[in-house]
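Enquirer: sequence plus predicted model, see below.
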Amino acid sequence: MTDEPIEIGYFFSDENNRSDVQKKHFTTQNVYEIELPNPIWNVNYYQKKNSPHNYKKSKRDFIALCDLLKQYLKTGEYCEIYPCWLGEELESKEGNFIIRLDYYNIDEIEIYEKCLVRIEK
């Protein structure tokens, strides 16, 4: 347990879930779960228009995640995120989004469930 808004570890998935998402979607070999107070799949135009309160909370948490990644990723490195419900790891992705940590505009980001997000430094 932690008071931090972002937790990285293994919370709900088992080894098979992580292996499935790694084989199906990722180019990286390490897989961890990211636990945020609000899901990043609410960072999109639909939520901004229809649920601005949820959009604002998810946007805040996503910015915090990007700030954390800025501390750990070196120039040229990246991480991949596949936001989905447990059990959906083998389902087809419904989009791709690349974010550069050095210069992203949070208002232009469109993340939905099952959208592969690559965050680069």
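Expert: Yes, it's here. Numbering: from 1, shown residues only.
Enquirer: report the contact partners of P5.
Expert: P5 makes contacts with L36, P37, D61, A64, as judged by C-beta atoms under 8 Å, 6 or more residues apart in numbering. No exception for glycine: its C-beta is placed from N, CA and C like everyone else's.
Enquirer: tell me the bridge partners for the residue nearest the centre of the chain.
Expert: Nearest residue to the geometric centre of the chain (C-alpha atoms, centre = their mean): I81, 4.2 Å. Taking DSSP bridges, one obtains V117 as the residues bridged to I81.
Enquirer: distance of it relative to W41?
Expert: For I81, the distance to W41 under the criterion C-beta to C-beta, to the nearest Å works out to 10 Å.
Enquirer: least confident secondary structure element in this protein?
Expert: Between all helices and strands in the chain, the lowest mean by mean pLDDT, DSSP states H and E belongs to strand 7-9, at a mean of 76.
Enquirer: tell me which residues of that strand are tucked away?
Expert: Of the residues in strand 7-9, none is buried under the neighbour-count criterion (16 or more other C-beta atoms under 10 Å).
Enquirer: just checking, what packs against it?
Expert: strand 33-35 (3 or more C-beta pairs under 8 Å, 6 or more residues apart in numbering; DSSP states H and E).
Enquirer: about what we covered before: who wins on neighbours among the contacts of P5?
Expert: With neighbours set by other C-beta atoms under 10 Å, the maximum within these is found at D61, which has 20 neighbours.
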